[in-house]
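Trainee: after the sequence you'll find the predicted model.
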Amino acid sequence: MLPRTLLKGKNFRDKLYSDKYLSGVWSTLGSENIAHIMASSGLDYILIDLEHGLGGFDTVSKQVLSVLSLDTAVVVRLPDHSESSIKRILDAGANAILVPQVNNFDQVQDIINYSLLHLRVGEG
């Protein structure tokens, strides 16, 4: 059985590949209470914006935890594409990431490698 975070991520991926519409919200507010209220409304996902939103890694960790028990997937838009940003957000329990300012294939490969390395290390 997959851990809840990975299972929610897999279910979200399956929904993305289906022919059904998804409902979600883009949050820039930085509040775990508001994130929980939004996720409790039956949305498929909540996207927390760290690039332009309020708060930082500490507040997003609290937001992710507040939504963890719900079926709503948590997508986080990172402030950059650094290895540390990707690992911190995945460690916090995000089900998916949205990475800004990706300008070439090498950056895409790095992002994939950082994400996959996180999964391999996390399974051990």
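Mentor: Arrived safely, thanks for sending.
Trainee: for the spatially most central residue of the chain, give me its contacts.
Mentor: In the chain, the residue lying closest to the centroid (CA atoms, centre = their mean) is Val75, at 2.9 Å. Contact analysis of Val75 by CB atoms under 8 Å, 6 or more residues apart in numbering lists Phe12, Gly24, Tyr45, Ile46, Leu47, Ile48, Ala94, Asn95, Ala96, Ile97, Leu98. Where C-beta positions appear, they are placed from N, C-alpha and C, glycine not excepted.
Trainee: how about TSV for the residues you listed, with distance to Ser115 and neighbour count added?
Mentor: Formatted as TSV, the contacts of Val75 follow (distance: CB to CB, whole Å; neighbours: other CB atoms under 10 Å):
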residue	distance to Ser115	neighbour count
Phe12	15	21
Gly24	20	16
Tyr45	17	21
Ile46	20	25
Leu47	17	18
Ile48	17	26
Ala94	10	25
Asn95	12	25
Ala96	10	18
Ile97	7	19
Leu98	12	15
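Trainee: return the subset of those lying in helices.
Mentor: In helices, defined here by DSSP state H, the members of the contacts of Val75 are Phe12.
Trainee: rebuild the contacts of Val75 as a markdown table, extending it with pLDDT and distance to Leu54.
Mentor: What follows is those, written out as a markdown table (pLDDT from 0 to 100; distance: CB to CB, whole Å):
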| residue | pLDDT | distance to Leu54 |
| --- | --- | --- |
| Phe12 | 89 | 24 |
| Gly24 | 96 | 19 |
| Tyr45 | 94 | 19 |
| Ile46 | 95 | 15 |
| Leu47 | 96 | 14 |
| Ile48 | 95 | 10 |
| Ala94 | 92 | 17 |
| Asn95 | 91 | 21 |
| Ala96 | 92 | 21 |
| Ile97 | 95 | 19 |
| Leu98 | 96 | 17 |
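Trainee: so the residue nearest to the centre of the chain sits in a strand?
Mentor: Yes. Counting by DSSP: H, G, I helix; E, B strand; the rest coil, Val75 is found in a strand.
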